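Participant: structural data only, the sequence is not supplied:
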């Protein structure tokens, strides 16, 4: 019976945060993620994806990110409630990674997305989850994010599966440096032979 009391206290706390299920039942939805963004240690955006129209303009997104950074950059916790949203975050060397959901979203689900993002980036960036390596491998970072969340829907929370899919997509991409070099070499030879005729 003690667990039920804890559950009821949690439910009431969510109601006080605004948007809780007790205030008016929320329909279950697959659209659990509102945004994912990565900021540097000065609060500047490096990567961001917003999945709904809560912040429709770039100006509103940047203001939100600045406010979130100011609230979270000097704390040791992993979760914040800000502007009617639940935000989970993690810092690594000179990066801050954020996953944003609505106020009634399950924090553990949001944290699983954040953990998957961090672990997948850790692999893609060869254990160098820092600004310089992220900027040099931005395409890989976006691939990772696209494998984890699509349109606000969580697709995958297992980093090994994400890494496998990202590696498959990277191998499957048609134009690699080697194939581009082959095309250029072939074009040079064709031009040379057409000039010699």
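Facilitator: Happy to help now that I have it. In this text the structure is predicted, and so the values were computed from the model without any measurement.
Participant: where exactly do the strands run in the protein?
Facilitator: Taking DSSP state E as the test, the strands found in the chain are 35-40, 45-50, 79-82, 85-92, 95-102, 149-150, 153-154.
Participant: any chance of those strands in JSON lines with mean pLDDT as columns?
Facilitator: JSON lines is the format used below for the strands of the chain (pLDDT from 0 to 100):
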{"stretch": "strand 35-40", "mean pLDDT": "94"}
{"stretch": "strand 45-50", "mean pLDDT": "94"}
{"stretch": "strand 79-82", "mean pLDDT": "90"}
{"stretch": "strand 85-92", "mean pLDDT": "93"}
{"stretch": "strand 95-102", "mean pLDDT": "94"}
{"stretch": "strand 149-150", "mean pLDDT": "92"}
{"stretch": "strand 153-154", "mean pLDDT": "92"}
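Participant: possible to save those as CSV with mean neighbour count?
Facilitator: Every residue, glycine included, has its C-beta placed from N, CA and C. Compiled in CSV, the strands of the chain are given as follows (neighbours: other CB atoms under 10 Å):
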stretch, mean neighbour count
strand 35-40, 22
strand 45-50, 17
strand 79-82, 15
strand 85-92, 21
strand 95-102, 22
strand 149-150, 18
strand 153-154, 16
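Participant: between those strands, which gets nearest to residue 165?
Facilitator: Evaluated over the strands of the chain, closeness to residue 165 peaks at strand 149-150, with 11.9 Å, by CB to CB.
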